[in-house]
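Visitor: prediction below, plus the sequence it came from.
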Amino acid sequence: MSNSTSRRVRTRYAPSPTGRQHVGGIRSALFAWLWARHNEGDFLLRIEDTDQTRFREDALQDLFESMAWLGLAYDEGPDGPDAPPNDFFQTQRGPRYQEVAEELVERGAAYYCFCSEARLAELRERQQARKQPTGYDGHCRDLSAETVAERLATFEAEGKRPVVRFKVPRDGSTTVPDAVRGEWTIENKQIEDMILLKSDGLPTYHLGHLVDDHDMRITHPMRGVEYVPTAPLHVMIHEALGWELPTYVHLPLVLNPTGEGKMSKRKQGLDEAAGEQMMRELHAERLIPDALFAYQERNANWGLLTMVHEFREAGFLPEAMLNYLALLGWSVGADKDIATVEEMIQLFDIHNIKKSPSAFDYNKLEYLNGWYIRQLPPKVLATKLLPYLEAAGLEVDHDKLLDVLPLVHERMKLLSEAPELLDFFLGEAPLPDPADLPGKKMDNAQTRQALQAAHQALANSAWTLEGIEATMRETATAQGLKAGQLFQPVRVAITGRKFAPGIFETVYHIGRERVLERLERAVGLLAA
RNA sequence: GGCCCCAUCGUCUAGCGGCCCAGGAUACCGCCCUCUCAAGGCGGAGACACGGGUUCGAGUCCCGUUGGGGCUACCA
C-alpha cells in the first residue's frame, strides 16, 4: 500500500503555536527541508493550532522569524506573519476534519463517544488504583444505532457535541512503514480507541495532521519519536479511509548536554538560582564553552539555550546552527563535519538518520560558529557586528571597524563578543585591574617604571607598525626587561584587558593620544 | 506499573560479517608558533555496556541482562 517513492517528494514542518521555536523542533524542520530539497520536491509550512487553550500570541512571529533567519524557505505555507487565515492553519479547516470523521463513522471505523470527562477521569483513577493499564474502556464502542441517535439528539438539545473515537480493530496487527527504523509491526490490541474529533469540533493531532498530510500530498511525515507509539493508529486510519500510506520518518530525540533527558532550559522545577548553579557546574565540567558561558553570565541568562531566538541573540550564525543541527542524528560524512547547505542537500538521506537520541554539544556548536565566522568576509562580518556594538553603546565608524576587525576576526566565537573584543579600539577602554598590570616576575614599582618608559618612548616614536615595534623593543632592552614583560603591562594599560591582539597593531590603531592617556592612567593606578 | 524503542571514545558520529588490535570531529592533555588570548601545525590519552548464542570469522546477525529514552490527555 505504501508507494510514496513514485510520487513527488513533499515534506512539511507543522509546529503548534504554543511557544517560541525550540532547537529540537527546528531540527525536524531542517531534516524535512533537506529531504525535500534533496529530491527537488516541496517543503511546506503548516500551523497546527487546534489546541486553542495553549495558543501563544508571540509564537507565530517567532516561527516566521526563525525560519527566515535560518533560510528554511517553504514552497507552500501561510505566507508570513500578517497573512490572512488560510488553509495552512488547521483551525480554518474544521469542516474538512468533521467530514472525514463522519465518513469514518459511516464506514464503521469510528464511533461517537458520549462519555463525560468526569467519567473518563474516574475511569483512569480506578485503573490506576488497581494498577491496571490505563485507557478507554470502550464504553460507547458498541452502542446500538437507536441509542446513538437518542444520545445525539440529547446532546444537540443541550448544545453539546460528542467526540469521535477511532474503533481500533481488536484483532490483527499493523505494520508501519518507517524510513528510520524500518518496517515494524505491532498488535492492534495495544492501541486504544483514541479521540479523533474533540467536542469543540476540532480534530486532535491524530486526525488533523493526517487529513492535512493527505490533502497536502505529504510523502514523508517527519516528526519526533514521541509519535512512534501512535503511528500504528495513523496507519489504521489511512487503511480505514483507503488512503495511500506515507513513509514515516521518526527523528531521534535531542537530549541535554549531560545526556539526561530531553533538551530543556533547566531541570523541571528548578528556579533561577538553581539554574545559575546548574550552569556554573556545566561550565566547570566544560559542557558549556567559555565564550557562551561569558555571554550567559553577562546577560544573566541562567539556563540552557534552547530557543532559536536565544541562539541568534547570543551571536550564533545561521550557517553554524544548520550545520550543527544536521549533525544531530545524522552525519555529513565519515571524515568531515563541516558542510555547506548545498552539500547537506546533496548528501542528505533519511535512511541514514540514527535511531538513538543525541546530546546537544555546545562545544561543537561554538567551534563551528567560530569556524564560520572565520570564513566571513570582513565587510559581511562588520555588518553583522553592528547591532551588537551599538547595543553596547559604542558609536561605530564603519571604516574604523573595518581597520581593526582583522585583528580580532579569527578569535571571535560569538558575534556577541564584539564589544569586549573591540571597545578599546572604538571607544573608551575599561579601567584595568591593577593586579593585571605587572608582567611576569614584576612588582608594582617595576611595572610603573616600565609604563613610564613606554609612555616617554611612544610619545616620540614614529607612528607606524615598524616604528612602534622598534621603539617598544628598544625600550624593553633599555629597561632590562624581556619583550613580553613590557608588552603585557602596556597591553593591559591601553586595553583594560588581559587578552588583546598583537601589541604593535593594538598600539597603532588605538592612536598615540589615547595610548599616552591610558598609560598615564595606568601609572596612576599603580601609584599607591 | 503497562506498552514500545534505543545502546561505538566525555560528546557528535563513521562502520551496514572479514578492509577495524575500530576512522573523523569536538572536548581534554602536551609540544611547536608566539608579546597575552585565540587561530593554526604536530602528537597523546580516550569507545564497540555485559552475558550467551549463530558463523571459519561479530562492533556489525539472534536472544537475554543492564542502562537510557518515549508513550500512557477532548496536547501536539
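Guide: Nice, I can see it.
Visitor: and whichever residue of the stretch 351-500 of chain A sits closest to RNA strand B, how many neighbours?
Guide: Going by C-beta to the nearest atom of the strand, RNA strand B is nearest to residue A:356 of the stretch 351-500 of chain A, at 2.9 Å. All C-beta spots, glycine's among them, are computed from the backbone N, C-alpha and C. Residues near residue A:356, counting by other C-beta atoms under 10 Å, number 8.
Visitor: tell me which residues touch it, please.
Guide: Residue A:356 is in contact with residue A:252, counting by C-beta atoms under 8 Å, 6 or more residues apart in numbering.
Visitor: if I've got this straight, it is in a strand?
Guide: No: using DSSP: H, G, I helix; E, B strand; the rest coil, the secondary structure at residue A:356 is coil, not a strand.
Visitor: from residue A:259, how far out is it?
Guide: Separation of residue A:356 from residue A:259 (C-beta to C-beta, to the nearest Å): 11 Å.
Visitor: now do residue A:445
Guide: Counting by C-beta to C-beta, the gap from residue A:445 to residue A:259 is 53 Å.
Visitor: pass me the low-pLDDT residue ranges in chain A, would you?
Guide: Flagging of chain A using pLDDT under 70 yields the residue ranges A:1-5, A:528.
Visitor: can you rerun that using 80?
Guide: A:1-6, A:266-270, A:527-528 (pLDDT under 80).
Visitor: domain parsing for it?
Guide: A:93-251, A:378-426, A:434-527 (automatic domain parsing).
Visitor: let's have the ones you listed in JSON lines, adding distance to RNA strand B.
Guide: Shown next, in JSON lines, are the domains of chain A (distance: least, C-beta to the nearest atom of the strand, whole Å):
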{"stretch": "domain A:93-251", "distance to RNA strand B": "3"}
{"stretch": "domain A:378-426", "distance to RNA strand B": "4"}
{"stretch": "domain A:434-527", "distance to RNA strand B": "3"}
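Visitor: quick one: those as TSV, columns for distance to residue A:263 and mean neighbour count too.
Guide: As requested, the domains of chain A are exported to TSV (distance: least, C-beta to C-beta, whole Å; neighbours: other C-beta atoms under 10 Å):
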stretch	distance to residue A:263	mean neighbour count
domain A:93-251	11	16
domain A:378-426	20	17
domain A:434-527	32	18
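Visitor: save those as a markdown table, and put in distance to residue A:78 too.
Guide: Below are the domains of chain A laid out as a markdown table (distance: least, C-beta to C-beta, whole Å):
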| stretch | distance to residue A:78 |
| --- | --- |
| domain A:93-251 | 12 |
| domain A:378-426 | 28 |
| domain A:434-527 | 47 |
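Visitor: ok, which of those domains comes nearest residue A:59?
Guide: Each of the domains of chain A has some distance to residue A:59 by C-beta to C-beta; the shortest is domain A:93-251, at 16.6 Å.
Visitor: next one: the closest one to chain centre, how far?
Guide: Centre-to-centre, domain A:93-251 and its host chain are 32 Å apart (C-alpha atoms, centre = their mean, to the nearest Å).
Visitor: repeat that for stretch A:383-391.
Guide: 22 Å.
Visitor: contacting residues around it?
Guide: Contacts for stretch A:383-391 (C-beta under 8 Å, 6+ apart): A:315, A:317, A:376, A:396, A:401, A:405, A:415-416, A:418-419, A:422, A:426.
Visitor: relative to residue A:325, which of those is nearest.
Guide: Looking across the contacts of stretch A:383-391 and measuring by C-beta to C-beta, the closest to residue A:325 is residue A:317, at 12.4 Å.
Visitor: SS state for the nearest residue to that closest one once chain neighbours are set aside?
Guide: Sequence neighbours aside, residue A:372 is the residue nearest to residue A:317 in space, at 4.9 Å (criterion: C-beta to C-beta, 6 or more residues apart in numbering). Assigned by three-state DSSP, the conformation of residue A:372 is helix.
Visitor: show me where chain A has strands.
Guide: A:10-13, A:42-45, A:110-113, A:163-166, A:173-176, A:184-187, A:195-197, A:222-224, A:249-251, A:254-255, A:358-359 (DSSP state E).
Visitor: for residue A:83, give its distance to residue A:45.
Guide: 11 Å.
Visitor: contacting residues around residue A:16?
Guide: A:47-49, A:51, A:54, A:59.
Visitor: what do you get if the cut-off is 6 Å, keeping everything else the same?
Guide: Each residue near residue A:16 by C-beta atoms under 6 Å, 6 or more residues apart in numbering is listed here: residue A:48.
Visitor: next up, phi/psi of it, please.
Guide: phi -100, psi 140 (degrees, to the nearest 10).
Visitor: can you give me the buried ones in stretch A:284-298?
Guide: Going by neighbour count (16 or more other C-beta atoms under 10 Å), the buried part of stretch A:284-298 is A:287-289, A:291-296.
Visitor: how far away from the center of its chain is it?
Guide: With C-alpha atoms, centre = their mean, you get 17 Å for stretch A:284-298.
Visitor: that one close to RNA strand B?
Guide: Yes: counting by C-beta under 7 Å from any atom of the strand, RNA strand B is contacted by stretch A:284-298 at A:286, A:289.
Visitor: and the contacts of stretch A:383-391, which two are the farthest apart?
Guide: Spatial extent of those (C-beta to C-beta) is set by the pair A:317 and A:426 at 21.8 Å.
Visitor: and for residue A:405, nearest residue in space, chain neighbours not counted?
Guide: Nearest residue to residue A:405, sequence neighbours excluded (C-beta to C-beta, 6+ apart): residue A:378, at 5.0 Å.
Visitor: which stretches of the stretch 401-528 of chain A form helices?
Guide: A:418-426, A:444-460, A:465-478, A:483-495, A:503-510, A:512-525 (DSSP state H, counting those that start in this stretch).
Visitor: can I get those in CSV including distance to residue A:150?
Guide: Output for the helices of the stretch 401-528 of chain A, formatted as CSV (distance: least, C-beta to C-beta, whole Å):
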stretch, distance to residue A:150
helix A:418-426, 72
helix A:444-460, 96
helix A:465-478, 94
helix A:483-495, 84
helix A:503-510, 87
helix A:512-525, 90
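Visitor: and of the ones you listed, who's closest to residue A:12?
Guide: Here helix A:418-426 is closest among the helices of the stretch 401-528 of chain A (C-beta to C-beta), at 37.2 Å.
Visitor: now for that closest one, which elements pack on it?
Guide: helix A:378-391 (3 or more C-beta pairs under 6 Å, 6 or more residues apart in numbering; DSSP states H and E).
Visitor: and the angle from the helix it packs on to helix A:418-426?
Guide: 90 degrees (axes from the mean of the first three to the mean of the last three C-alpha atoms, to 10 degrees).
Visitor: pull the distance from helix A:378-391 to the chain's centre.
Guide: For helix A:378-391 - counting by C-alpha atoms, centre = their mean - the centre lies 22 Å from the chain centre.
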